[in-house]
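1. For reference, the sequence and a predicted model appear below.
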Amino acid sequence: MSQCIFSETIPIETLYQFLEMIHVSCDNTHYIVDENTYKKMIFMQWHIPFLQVLKPYYLPSKQHYITRELTYKSFTNLLRQICRSNNHPFYTKIHYNHSKHQTLYFIQKQSECDGQKDNWTGELDW
């Protein structure tokens with residue numbers, strides 16, 4: 001699918017630099033992206049230069065992913081596209097709080113991924 005979206009693969013380092021810049025909360029092995037991260041990113045307008053960096057990588061017919069209004073759903077869609085195009089591990093977890101849900105995205109850090117990238121099957125060990 002990523003061959004139909006990108007003219008060339010987006011370097012995963014671009015994503016790491018962005019996640020570090022927006023001060024994503026993280027544990028020892030994963031970056032954790034949630035709606036609070038998204039809201040802070042929008043407020044500080046950190047998404048604008050990131051989208052400008054991504055735009056040349058998208059095929060002209062698929063640049064609507066970059067140019068449309070950025071919502072939490074469309075932002076996480078971009079994250080998923082970048083991770084999948086690089087075969088980079090990530091997973092989601094739904095967090096419920098007072099009958100409302102929030103989807104958390106866990107993107108594995110590069111240092112943890114180096115030795116495991118070839119062995120990752122897309123399934124989680126719970």
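-> Happy to help now that I have it.
2. Dead centre of this structure: give me the residue that sits there.
-> Closest to where the C-alpha atoms of the chain average out (Cα atoms, centre = their mean) is L79, at 2.3 Å.
3. Show the subsequent helix or strand relative to the helix or strand where that residue lies.
-> Following DSSP states H and E, one finds L79 within helix 72-85. Following helix 72-85 in sequence order, the next helix or strand is strand 90-97 (DSSP H and E).
4. Against which helices or strands is that next one packed?
-> helix 72-85, strand 100-108 (3 or more Cβ pairs under 8 Å, 6 or more residues apart in numbering; DSSP states H and E). All C-beta spots, glycine's among them, are computed from the backbone N, C-alpha and C.
5. strands paired with that strand, and their directions?
-> Counting by DSSP bridges, the strands paired with strand 90-97 are strand 100-108 (antiparallel).
6. Okay, angle between the strand it pairs with and helix 72-85 too, please.
-> Angle, strand 100-108 to helix 72-85, by axes from the mean of the first three to the mean of the last three Cα atoms, to 10 degrees: 30 degrees.
7. List the neighbours of strand 100-108 that are in contact with it.
-> Contacts to strand 100-108, defined as Cβ atoms under 8 Å, 6 or more residues apart in numbering, come from residues 15, 19, 29-35, 76, 79-80, 83, 88-95, 116.
8. For that strand, buried residues please.
-> For strand 100-108, burial by neighbour count (16 or more other Cβ atoms under 10 Å) applies to L104, Y105, F106, I107, Q108.
9. Please apply the same query to stretch 59-69.
-> So, applying 16+ other Cβ under 10 Å, buried residues of stretch 59-69: Q63, Y65, I66.
10. Output it as CSV, nothing but the C-alphas.
-> Extracted in CSV, the C-alpha atoms of stretch 59-69 (Å, rounded to 0.1, in the frame of the first residue of the first chain):
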residue,chain,number,x,y,z
LEU,A,59,2.7,11.3,-4.7
PRO,A,60,0.8,14.3,-6.1
SER,A,61,-2.5,12.5,-6.1
LYS,A,62,-2.0,11.5,-2.4
GLN,A,63,-0.9,14.9,-1.1
HIS,A,64,-4.4,15.5,0.3
TYR,A,65,-3.2,13.5,3.3
ILE,A,66,-0.8,16.4,4.0
THR,A,67,-2.8,19.4,2.8
ARG,A,68,-6.2,18.7,4.4
GLU,A,69,-7.1,20.0,7.8
